[in-house]
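K.L.:
Prediction below, plus the sequence it came from.
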Amino acid sequence: DSAEASPSVVFENIEACSPNCLQMLLENISGLTIDADFTIEQIPKINVAVATFIKSIDTKEFVEKCLQDKRVREFKMTARLLESTQTIKAENLPDSISSDYLTVYFESARNGGGPVSDVQLFPEENSAIITFCDHKGNT
C-alpha cells in the first residue's frame, strides 16, 4: 500500500519556521539530504511547503515521524501526504508558451511529470490547465 503513497508531503502553518530551519528540520527527521534526496517548495501566500522525495521512502511513516517530532509540534506545523490529482494549473507563463511545450515539459520524468492528456492555454491570464492521463488505480 505504501508503494502507492504520494512522494510529496505537505507542511502547513510554516510561518514560524524559516526556509533554512524547515530544510534542516526535515533533514534531521528523515536522515536525508536536501536536493540529493528531496526538494522543498515554499508557497508563502498560503503558508505551506511541499517536500517531494526523489529518494524512495515510506512517506506515510515520515509523516508519522513529523507529527511526533517535538520541534514540528513547537512550530504548530501539520504534515500530511499530498493527495494526487489529475489536473494542475500553471501560472506566470511566458507569452510565447505553446501547449506542445507544456505537454513535453509536464511529461518529463525529470520534472516529476507523467503522460498528459490535455493542455488548455489561457493567454490572457498567462496560465494553463494541464490534465494528466489516469494514474494507476484511478478510474
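P.N.:
Now that the structure is in, tell me what you want to look at. Note that the structure is a prediction, hence the values are computed from the model and not measured.

K.L.:
only C-alpha atoms for contact and neighbour calcs from this point on.
P.N.:
Will do.

K.L.:
shaky segments in the chain?
P.N.:
1-4, 134-139 (pLDDT under 70).

K.L.:
ok, and the closest non-adjacent residue to residue 49?
P.N.:
Distances taken as Cα to Cα, 6 or more residues apart in numbering place residue 42 nearest to residue 49, at 4.2 Å, with adjacent residues excluded.

K.L.:
Figure out the helix or strand that the one you found lives in.
P.N.:
Using DSSP states H and E, residue 42 sits within strand 38-43.

K.L.:
For that strand, enumerate the helices and strands it packs against.
P.N.:
strand 48-53 (3 or more Cα pairs under 8 Å, 6 or more residues apart in numbering; DSSP states H and E).

K.L.:
ok and the strand it packs on relative to strand 38-43, angle-wise?
P.N.:
Counting by axes from the mean of the first three to the mean of the last three Cα atoms, to 10 degrees, strand 48-53 lies at 160 degrees to strand 38-43.

K.L.:
any idea how far strand 48-53 is from the chain center?
P.N.:
Distance of strand 48-53 from its chain centroid, counting by Cα atoms, centre = their mean, to the nearest Å, is 5 Å.

K.L.:
Okay then, goodbye and thanks.
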